[in-house]
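Q: Need coordinates for the below:
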Amino acid sequence: MRLTHLVATAAIVALLSSCTANEAMDTVDVNLKNVSSKVNYQLSGKIVQKMQAMSMAKDSPIMLRIFKEEGVLEVWKANSSNRFEMLRQYKICAWSGKLGPKVKEGDRQAPEGFYPISPGQMNPNSSYYLAINTGFPNRFDQANGRYGTNLMIHGACSSSGCYSMTDEQMQEIFALSRDAYKGGQQAIQLQALPFRMTAENMARHRNSPNIDFWNMLKPGYDQFEISKRPPEVNICEKKYVFNQQTDGKFSPAGQCPAMSTPAVMQGALAAYNKKYNEDYAKATKKLDGMVWYEPTEAERKAIVAKQRVGKELAYAPTGTSLDAGKLMKVADLEKQEARRAELEEAKKAIEIQKAELEKSTRNGKSVPVPAENPAAAPG
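A: Got it, this is the predicted structure:
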């Protein structure tokens, strides 16, 4: 058998801040001027010493975990007990789109899901310094008709559907991955998640159109949190399943075989979910009448605009959803969205009038010039 910004109350502010715990980002001690070979770059003595202190072999397996909303990428590494501990946490410089999965080419969405990364997905010759292909679309994406190409984790701090780091960060991530492959790891698991799937965060996003998809990913997140080992991932009936025992075979679009969760994990999940359900009930009570406004990419970029000053034009940090988003009263959000829709309609009407004006002018006719909409943009 195989294992196969209305300002919220102090309580709500505390709820939001608890998901990051003010964890400091790791400072990358990579000086690119001293890197003679991107492929053969050796990790600094500082990070090697950290591994030794954490009982990690330099070439032990790693796992990558991304949280879009916080804008962080974590590197987890196996210790001598084959349990994974977080070795590094980096601030993602740029990711495009909003929270939610990638569905099609050109939607500017960065992928969400569980992706195996093989050595062949490493690109040392990328025009974005270094790159690691996420493997989108994976078997789940393909089974659900989702498509797109060249979805990467790469350097250069510029994204159009990718997760973009600084070149210094990418150099270190690339070296950590290379060493893990040298140690015999066949595939590095990438967990690309919208946010930490705590009860508070799931409650805050309970009204999102993506909540069913995120609820499907959550067992994989939970089981890693419990075991500190990357879950075994399979696809059947066009959905993810994690750490399932079976004598049958998994087919991404086919019926799931008879399967079961190992007894030890089942017991741990029962205790974990009991606490989760209690916390979720408390969180929804705190958030009663409130809804999270998910910011656009443009709104995220606006809050970090000053970071681009003096940088190359391609350098385009995008900021975090936590900084640009806000909790709002349901009624206020409905008014804002209605106002936004009115402005979009007015904008379309002006564009139609302008097009007619240009057409009529070419025919030698004179028509009234449309006035610009005086309405202010929504708050």
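Q: Tell me the spacing between Lys238 and Arg146.
A: Note on Lys238: its distance to Arg146, by Cβ to Cβ, to the nearest Å, is 10 Å. C-betas here are computed from N, CA, C, even on glycine.
Q: out of the two, which sits in the busier spot?
A: More crowded of Lys238 and Arg146, by other Cβ atoms under 10 Å: Arg146, with 20 against 15.
Q: Dihedrals phi and psi, the more buried one?
A: For Arg146, the backbone dihedrals (degrees, to the nearest 10) come out as phi -90, psi 140.
Q: Verify the stated contact: it with Lys102.
A: Yes: if you go by Cβ atoms under 8 Å, Arg146 and Lys102 touch, sitting 6.5 Å apart.
Q: Which per-residue confidence value corresponds to Pro257?
A: Model confidence at Pro257, expressed as pLDDT, equals 97.
Q: oh, and call the first residue 31 from now on, that's how I've got it
A: All set: I'll call the first residue 31, so the last point we hit is now Pro287.
Q: give me the element it is part of.
A: Under the assignment given by DSSP states H and E, Pro287 is not contained in any helix or strand.
Q: my read: Arg259 touches Asn109, true?
A: No: because the distance of 11.1 Å does not satisfy Cβ under 8 Å, Arg259 is recorded as not touching Asn109.
Q: Centre of the chain to stretch 189-200, how far?
A: Here stretch 189-200 shows a centroid-to-chain-centroid distance of 12 Å under the convention Cα atoms, centre = their mean, to the nearest Å.
Q: Tell me the span between the first and last residue of that stretch.
A: Terminal residues of stretch 189-200 are spaced 14 Å apart (Cα to Cα, to the nearest Å).
Q: pLDDT of it, averaged?
A: Stretch 189-200 shows a mean pLDDT of 94.
Q: So which residues make contact with it?
A: When contacts are taken as Cβ atoms under 8 Å, 6 or more residues apart in numbering, the neighbours of stretch 189-200 outside the stretch itself are 58, 60, 62, 96, 103, 120, 122-127, 132, 137-141, 158-161, 164, 178, 180-188, 203, 222, 346, 348.
Q: Which ones among the residues you listed map onto strands?
A: With strands identified by DSSP state E, the entries of those that belong to them are Ile96, Leu103, Tyr120, Ala124, Trp125, Ala161, Met182, Ile183, His184, Ala222.
Q: Excluding its own residues, what touches stretch 251-269? List them.
A: Residues external to stretch 251-269 that are found in contact with it (Cβ under 8 Å, 6+ apart): 33-34, 93, 112-115, 144, 146, 168-170, 173-174, 219, 221, 223, 226-227, 246, 250, 270-274, 280-287, 295, 298-299, 302-303, 306.
Q: Filter those residues down to the ones in helices?
A: Secondary structure of the contacts of stretch 251-269 is defined by DSSP state H; positions in helices are Arg169, Phe170, Ala173, Met246, Gly250, Met295, Ala298, Leu299, Tyr302, Asn303, Tyr306.
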